[in-house]
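[1] structure for this input, please:
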Amino acid sequence: MPQPKPRDQKPLLHTVEEASELLRRVSLWAWVWWFAGTAPFVCAMLHFISDMSRAAAARDRLAAGALVVAIAYWGMKVAHAVFAEHLLRHLRLEGSPVALNWRGRLRLVTSQAMIHATAPWMLVLAGTAMLPLGWAYAFYHNVSVLTLPTLRAGGRVRDVVRSALVQSHFRQGQNHGLMLVLLVVGMLVWINLLAGELLLSVLAKSISGEDNVVSRNPFILLSSGSLAATIGVSYIIVGPLVKAMYAVRCFYSLSRRNGEDIAVQFQLARPSVAIASAMLWVVCLSASTPCLAISSTGGKAELRTAPRAANVDPAVLDTHIREVMQQDIFQWRLPRDKMSASADTSWLGGLLRDFDRWLGVIKKDIGDWYDQSLGKWIKEILRKMRGKDNPTTERTGDGFWVESLPALLWGLLAVLVVALVGLIVRQWRQTRAARVDAVTPAPEVNLENDNVVASQLPENEWLRLAQEKMDAGDYRLAMRALFLATLAHLGDQRLIAIAQSKSNGDYIRELGFRARERERLRTLFHDSVRAFDRAWYGWHDVTRELLEHFRDNHQHIVSDASPRVPA
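    The predicted structure is shown next:
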C-alpha cells in the first residue's frame, strides 16, 4: 500500500484547490485591500496607454503620466503585501496582528518600492533567458507574502529578500506547473472577457435596434485600448489566485523548519475531538442503563433486554457468551500459517526471524559481489606479492585462504598501527589546542560593530563587558552586551543556533519552535528583543532604570532556559 505524501509534497492540483478554498474563506478586509490597491493602478495604466496612443500632446505629458503610474504601482504592491499577509495569517489560524510602528510602516513602503521596482525589468530578462523565469517570478510573489510577517517579527528588508530567495527554490517543478496553470486560467479569463464584450454589444444592438462601435466593427476589440482594458480586468480577477497559491507555497516551505502546518492541523482537529469525546460520553452513559444482549435462537441472533446483574447466574451467562462467540459473524480471525504456528509468536521472535532472513540476503549479495569483482582483484594482488605464477595456486577453497593468511595479517597489523598513530596525534593536538585556548585571553570586541556575533565570547565575558559599560555610563552599549549575553546563554542551552546571517526575528521564531512548552521564556525573550530593537535601531534613550529592568529580564531568561532538575 503506497504511503501518503507529506503535506508539502501534495500534487499540483491540491495546491490549486487549497488556494481556491483559501480565497473563499479569507476575510472581507483582505478583498478591500486587494481592490483598493489594484483598481487605481489598472485605471491609471489604461488612462496612460489611451493618452499616450491618441493625444497630440502626449510627449509633454509623458513624465507626469509615468509618475502617476509609478505611484499607483507602488501603492498596489503595498496593498498586495497586506492582502497576502491576510492569506498567510488565515493559513496559520492567527488572529489580528500587532500594529506596526512608524518605522515598520516606513520599511514596508520602502521595501516594496525598492524590490518591486526591479520586477518588470528582471522578469523580462528572466523570460528572455527562460531558465530563471520560475525563480524570479516566485521571488517577487514571495516578497509580497513574507514582507509583513518578517517585519512584525523584528526583521529588516534584507531578511525579507533572503527569506523570499530561499522559498523561491521550494519545489521548482510545482512552481513551473503553477505558472502553466495560471497562464491557462488567465488566457481563459481574458478570452471570456472578449467574448462577453462581444455578446453584450450584440445584445445591446438586438434590444435597442441601433448599431454600436463593436457591432459595426468587431475587430475593434483587438485595439490597444480594448486589449489593455480586458488584460487589466483579467489581472484583477486572476491576481488573488496567484497570491493565494504562493501564500500556500510559502506556508508549507516555512513549515519544514517550524512545523506550523502540524500545529494548524491540531487546532483544526480540536472541534472534531470535542464532538468525539461528547459522543463517547453519551455512549458511556447509555452503557450504565439497561442494555441489549444477544442470544442465539435457531442459528440467528436476536435482541432482547438484558436481565439485571443481581439476577444473572454466572454459569448461564458464560454459556450464552460461548454460544454467541461460536456464530459465523464472529469468526473473523485469519488462519495462522505453518511457520507462525511452529515458531515463536512473540514480537521478539518475529523480529529475529526477519533479521535472520535479511542477513541471509545480504550475505548472499556480498558473497556474489566478492566472487565476481573484489575477490578476483585481491587474488591477483596476492599472487603477484608471492611471486608465483603457477595457476594451481589460484584456488577459491581453503588452500587459498591458508596461503594468503600471512599477507592479510600483516595488512591488518599495518592498518592498526596507522590508526593508533593517528589517534595519538589527534589527542595530542586537541590537548595542545585546549592549553592554548586556556592561556589565550578573550579577544577585544567592538560593540559598535554590527557584525558582532554572540558566539564570539562566552556569557560571562559579555556580562563583564556590560558591567564595564554600565560603570562608564554608556548604557546603550551595556544593553547590547547584555542582549548578546542572553543570546549566548540560549545558544549554550541549544535553544537557538547563533549565526551572523540571522536576525532577531529569526531567533524569536526559532525559540518559539524549540521551547513551545515554555511560554514565560518566549514572552521574556520577545520583550527583550523589542526593548533592544527600540534602543539599538530606534531613537529610544536607554536609562539606568531601563537597563536594570533589562538585566532582570536577562536573569529570568537564564533561570527559565537552564535545564530543569526533577524534584
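
[2] please report how far residue 511 lies from residue 167.
    21 Å (C-beta to C-beta, to the nearest Å). Glycine gets a C-beta too; all of them are placed from N, C-alpha and C.

[3] actually, residue 160.
    From residue 160 to residue 167 the distance is 11 Å (C-beta to C-beta).

[4] common neighbours of those two, please.
    Here residue 160 and residue 167 share the contacting residues residue 146, scored by C-beta atoms under 8 Å, 6 or more residues apart in numbering.

[5] who has more neighbours out of those two?
    Taking neighbours as other C-beta atoms under 10 Å, residue 160 and residue 167 compare with residue 160 leading, 25 against 22.

[6] so after the host helix or strand of that one, what's the next helix or strand?
    Using DSSP states H and E, the element containing residue 160 is helix 157-168. Once helix 157-168 ends, the next helix or strand along the chain (criterion: DSSP H and E) is helix 172-208.

[7] what is that following helix packed up against?
    Taking 3 or more C-beta pairs under 8 Å, 6 or more residues apart in numbering; DSSP states H and E as contact, the helices and strands that helix 172-208 lies on are helix 12-25, helix 133-152, helix 213-216, helix 224-258.

[8] export the shortest one to PDB, keeping only CA atoms.
    Okay, so that is helix 213-216. C-alpha atoms of helix 213-216 as PDB (Å, rounded to 0.1, in the frame of the first residue of the first chain):
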ATOM      1  CA  VAL A 213     -19.000  50.600 -32.200                       C
ATOM      2  CA  VAL A 214     -18.400  46.900 -31.700                       C
ATOM      3  CA  SER A 215     -21.300  45.700 -33.800                       C
ATOM      4  CA  ARG A 216     -20.100  47.800 -36.700                       C
END
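
[9] for it, list every residue counted as buried.
    214, 215 (16 or more other C-beta atoms under 10 Å).

[10] and what of the first one?
    Along helix 12-25, the positions that meet the burial threshold by neighbour count (16+ other C-beta under 10 Å) are 12, 15, 16, 18, 19, 22, 23.

[11] hang on, the earlier thing: return the most buried member of the helices and strands packed on helix 172-208.
    helix 133-152 (a mean of 23; mean count of other C-beta atoms under 10 Å).

[12] just the C-alphas of that helix, formatted as CSV.
    Provided in CSV are the C-alpha atoms of helix 133-152 (Å, rounded to 0.1, in the frame of the first residue of the first chain):
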residue,chain,number,x,y,z
LEU,A,133,12.0,32.8,-15.0
GLY,A,134,10.3,30.5,-12.5
TRP,A,135,12.7,31.5,-9.7
ALA,A,136,12.3,35.3,-10.4
TYR,A,137,8.5,35.0,-10.7
ALA,A,138,8.3,33.1,-7.4
PHE,A,139,10.7,35.5,-5.7
TYR,A,140,8.6,38.6,-6.3
HIS,A,141,5.4,37.0,-5.2
ASN,A,142,7.2,35.6,-2.1
VAL,A,143,8.2,39.2,-1.2
SER,A,144,4.6,40.2,-1.2
VAL,A,145,3.7,37.3,1.1
LEU,A,146,6.6,37.5,3.5
THR,A,147,7.2,41.2,3.9
LEU,A,148,4.8,42.0,6.7
PRO,A,149,5.3,38.8,8.7
THR,A,150,9.1,39.3,8.6
LEU,A,151,8.8,43.0,9.7
ARG,A,152,6.4,42.2,12.5
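
[13] elements contacting it?
    So helix 133-152, by 3+ C-beta pairs under 8 Å, 6+ apart, packs with helix 62-91, helix 102-116, helix 119-129, helix 157-168, helix 172-208, helix 224-258.
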